[in-house]
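Asks: from the sequence below, what's the structure:
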Amino acid sequence: MKTTKRFIREAIMLRYILTILLLASNCFAQDTAIMDKENTVSPDLLNQYVGTYPLTPDISLTFTLEDDQLMVQAGNYGKYPVSAMSEAKFFLQGLGDTVEFFKDDKGVVSHLIYYQGESKYAVRRTGYKKEPAPIDGTWITTANGPDGNPVEVTYVLEGFGNTIIGTASSPLGSGPFSKGKIDGNKILLVADTGQSIMELTGTLSGDEINFTRRNGDNVDQFIAKRVNIGISRDNYILDVEFYPPSVESGNVAIMFLGGSEGGIPNFSVEPFTAKGYPCIKVGYFRTEHTPDHLEMIPLEYFEKAIGMFKSQSEVKEKKIVVIGVSKGGELALLLASIYKQIEGVVAIVPSSVVFQGLGPGGSSSWSYKEGKPVPFVPWYEPFDYSKVVNNQWGELYKLSLTQTDAVEKAVIKVEQINGPILIITGKEDKMWPSSQMGDMITKRLKENKFPHWYKHYAYENAGHVFNEESPMGGTSDGNKKAGIDSEKRIFDFLLRLSES
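Replies: This next block holds a predicted model:
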């Protein structure tokens, strides 16, 4: 088996090895000071470092305080003690790497630097709300690739005092900056791809950055411009995958929406296409032409995807059904409440309200009509983020639902949906209270005398993911049974709608 340390290294390198276009130079050597075993840090200070720090979309470092000992867990792997090198810098036993915590000017821990060999990565603390900085935003430019051909590059940057945290992405790959500094309007960005080191120096001027890139003896210049991904546009580039049916049957076409993992949804469409249902998978963040964060995603993007889907000869006049999981379930219900082209919804472990997005801006997950945020429920404050382990956010979302005024404004108007609704949840969901929210949905449908068929299946001993090895709640047997039964319910729902 891979060690946790090796897994983290490979996860970072595999995700970021192709960042040839990206950034930087002047990699920093890790502090080689020998750890003083007598160095102790007060429990009160250690408690300030407790929290979750996402290294990659797949791996977070979670720090907890147990009997006055700071502990770290990487993803779903083992938990290890942390040893102090100073009041802010710590050695991660079992991983062999080092982290250093940083505070904002109000004394609140904002981010850490993760030192790995000669590279280091700035990582924002989950839940930290910072003051806006001039460098904040998404910046797009066109730069020459390794073969000399122009390639579009996107930078997502955040400022913390004189430190910049950010990533860069292009068709060749994506990755974090190993160093980011800003002094006035002067910018320095550095990244180590594992194959080379590049350096970007630049001057910030409003919504433009004039960059000079150095890679060895090669020097070039270009301008990056700030963009607002959340603003509605007419020229969306869709990141979708279309799958025609393998047989001529059925009167339903299916749109799949994934959740907070991002990318193209990881659904197996073969069982659906084999029954005559054409399918489309829609990626809406962490894809080539979409934002890096699930925040202020324009609903008009999905309207265009629906139009593209219906234009396919295999779809024609078939009924559009949206199947969404988790945040995708929230999205499926929201879209169907607005767009009448959708004639059925399967919402798997969904939300009954629009929640705060999963991005740095602290705004809505979705935007609509000229980029305006869809009313949303913000995360409950104050909250102890040290309680969040293995992406088990259930307590935070339960507390957030107690904000009655925000919930009332952000509730999804499911009674406006133009067709039947199937809701599937696990009663032991630790990601968020999907069963509670499923009951909220059916209660609203009943109160509004919803004219179409609807049903909520809430499974005992099942969690957020009906996977036997899932850490997101439920038992192995409970999740297995829920997975088998819910699949049957979904196909029965589609058959009933197809024949109606």
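Asks: use CA for all of it now, contacts and neighbours both
Replies: Fine.
Asks: wait, is residue 486 part of a helix?
Replies: Yes: with DSSP: H, G, I helix; E, B strand; the rest coil as the criterion, residue 486 is located in a helix.
Asks: pLDDT at the nearest residue to residue 215 once chain neighbours are set aside, what is it?
Replies: In space, and not counting its chain neighbours, residue 215 is closest to residue 198: 4.8 Å by Cα to Cα, 6 or more residues apart in numbering. We have a pLDDT of 83 for residue 198.
Asks: just how off-centre is the host helix or strand of residue 198 within its chain?
Replies: Using DSSP states H and E, residue 198 maps to strand 197-205. In terms of Cα atoms, centre = their mean, to the nearest Å, the centre of strand 197-205 is set 27 Å apart from its chain centre.
Asks: mind listing what's buried along it?
Replies: For strand 197-205, the neighbour count (16 or more other Cα atoms under 10 Å) marks 197, 198, 199, 200, 201, 202, 203, 204 as buried.
Asks: closest to the centroid, which residue in the protein?
Replies: The centre of the chain sits closest to residue 260, judged by Cα atoms, centre = their mean, with a distance of 4.4 Å.
Asks: what's the pLDDT at that residue?
Replies: So, for residue 260, pLDDT stands at 90.
Asks: list the contacts of it.
Replies: Taking Cα atoms under 8 Å, 6 or more residues apart in numbering, we find residue 260 in contact with 294, 326, 327, 328, 358.
Asks: likewise for residue 151?
Replies: Applying Cα under 8 Å, 6+ apart, the residues near residue 151 are 142, 143, 144, 145, 170, 171.
Asks: state the distance from the first one to residue 223.
Replies: Read it as residue 142. 8 Å (Cα to Cα, to the nearest Å).
Asks: same question, the fourth one
Replies: According to Cα to Cα, residue 145 stands 15 Å off from residue 223.
Asks: neighbours around residue 112, how many?
Replies: 21 (other Cα atoms under 10 Å).
Asks: next: residue 150.
Replies: If we define neighbours as other Cα under 10 Å, then residue 150 has 12 of them.
Asks: check residue 114 too.
Replies: 23.
Asks: ok, now residue 146?
Replies: For residue 146, the neighbour count with other Cα under 10 Å is 11.
Asks: just the helices from this protein, written as ranges.
Replies: Using DSSP state H, the helices of the chain run over residues 4-16, 43-49, 270-273, 299-310, 327-338, 394-400, 404-410, 434-447, 476-499.
Asks: could you check the angle the fourth one makes with helix 327-338?
Replies: What it means is helix 299-310. 80 degrees (axes from the mean of the first three to the mean of the last three Cα atoms, to 10 degrees).
Asks: and helix 299-310, which residues are buried?
Replies: Those would be 299, 300, 301, 302, 304, 305, 306, 309, 310, for helix 299-310 by 16+ other Cα under 10 Å.
Asks: before we move on, back to that, can you report phi and psi for the residue nearest to the centre of the chain?
Replies: phi -70, psi 0 (degrees, to the nearest 10).
Asks: heads up, I number from 546, so please use that
Replies: Taking 546 as the first residue, the last one we looked at is residue 805.
Asks: tell me, how many residues neighbour the residue nearest to residue 829 when sequence neighbours are not counted?
Replies: Once flanking residues are discounted, residue 829 sits nearest to residue 835: 5.8 Å by Cα to Cα, 6+ apart. Residue 835 has 21 neighbouring residues, counting by other Cα under 10 Å.
Asks: distance of residue 835 from residue 690?
Replies: Applying Cα to Cα to residue 835 and residue 690 gives a distance of 21 Å.
Asks: likewise residue 888?
Replies: In terms of Cα to Cα, residue 888 sits 45 Å off from residue 690.
Asks: quick check, nearest of the contacts of residue 805 to residue 660?
Replies: residue 903 (25.2 Å; Cα to Cα).
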